[in-house]
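Asks: Any chance you can model this:
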Amino acid sequence: MDNKPGNQGPQRGYPQRRGPQQKEKDPYVINERIRAREVRLVGDNVEAGIYSIHDALKMAEEKGLDLIEISPNAAPPVCKILDYQKFLYQQKKRLKEQKAKSTKVVVKEIRFGPQTDDHDYNFKLKHAQGFLKEGAKVKAYVFFRGRSILFKEQGEVLLLRFANDLEELGKLEQMPVLEGKRMTIMLSPKKK
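Replies: The predicted model follows:
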């Protein structure tokens, strides 16, 4: 075996070579990388229609812009003539706006025992009222331990009373359901 530094393979501290398949891929195919013979051009700055790839590239070059393949699965592929960096910026901006518009549903859980006393019940009821006012959903459940499963009816009555007391702030999404050792209900805030 040679002890030359070049023959020992990758060593600690030295970066690995990256192959062409490991390079980051552009989300869109542009300019000369478009492989179709014909493309359908759309957009504001061009007359819509089907053009040969040569003509489309020539039009983009004359305007100093890029030919961007928008819909590669169409026959022929749909392209636009735009500034590629500006196009990517607008796409990121649009995604960010969509993300901001989507609302995240927060679910708060409240746990009871089958024989919860009034003081505990009222304390948890106040918390649930606060959660519903904030716009969060409330998942209330009675947890049965050991032989307390014999008090299923008590747990159901407790959850229905809880839903009834919160009727002004939230609506009941599901009636009490027994899942294993838990009986649950779900309340969602009422729209204002």
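Asks: what's stretch 95-112 in contact with?
Replies: Outside stretch 95-112, the residues that touch it by CB atoms under 8 Å, 6 or more residues apart in numbering are 120-121, 124, 127-128, 131, 134-143, 155, 158-159, 162. Yep, even glycine has a C-beta here, placed from its N, CA and C like the rest.
Asks: swap in stretch 114-121?
Replies: Here stretch 114-121 makes contact (CB under 8 Å, 6+ apart) with F112, K124, V142, F144, S148, F151, K152, Q154, G155, L158, F162.
Asks: Tell me how far the second one lies from E38.
Replies: So the one you mean is K124. Note on K124: its distance to E38, by CB to CB, to the nearest Å, is 67 Å.
Asks: for V29, same thing?
Replies: When distance is defined by CB to CB, V29 is 15 Å away from E38.
Asks: Same check on E32?
Replies: For E32, the distance to E38 (CB to CB) stands at 16 Å.
Asks: neighbour-wise, which of those two wins?
Replies: Of the pair E32 and E38, E38 is the one with more neighbours under other CB atoms under 10 Å, namely 14 against 9.
Asks: thinking that one is in contact with S52, fair?
Replies: Yes - E38 lies in contact with S52 (CB atoms under 8 Å); the separation is 5.8 Å.
Asks: Quick check: mean pLDDT of stretch 86-95?
Replies: Mean per-residue pLDDT for stretch 86-95: 90.
Asks: What is the distance between it and the centre of its chain?
Replies: Put simply, stretch 86-95 sits 18 Å off its chain's centre (CA atoms, centre = their mean, to the nearest Å).
Asks: please begin residue numbering at 620 from this point
Replies: I'll keep to 620 as the first residue from here, and by that count the last item is stretch 705-714.
Asks: Which one (most neighbours) among the contacts of stretch 733-740?
Replies: Using other CB under 10 Å as the neighbour criterion, V761 leads these with 27 neighbours.
Asks: what's the closest non-adjacent residue to it?
Replies: Using CB to CB, 6 or more residues apart in numbering and skipping the chain neighbours, the partner closest in space to V761 is G774 (3.6 Å).
Asks: and that neighbour, what does it touch?
Replies: Counting by CB under 8 Å, 6+ apart, G774 touches F731, P733, V761, F763, P795, M802.
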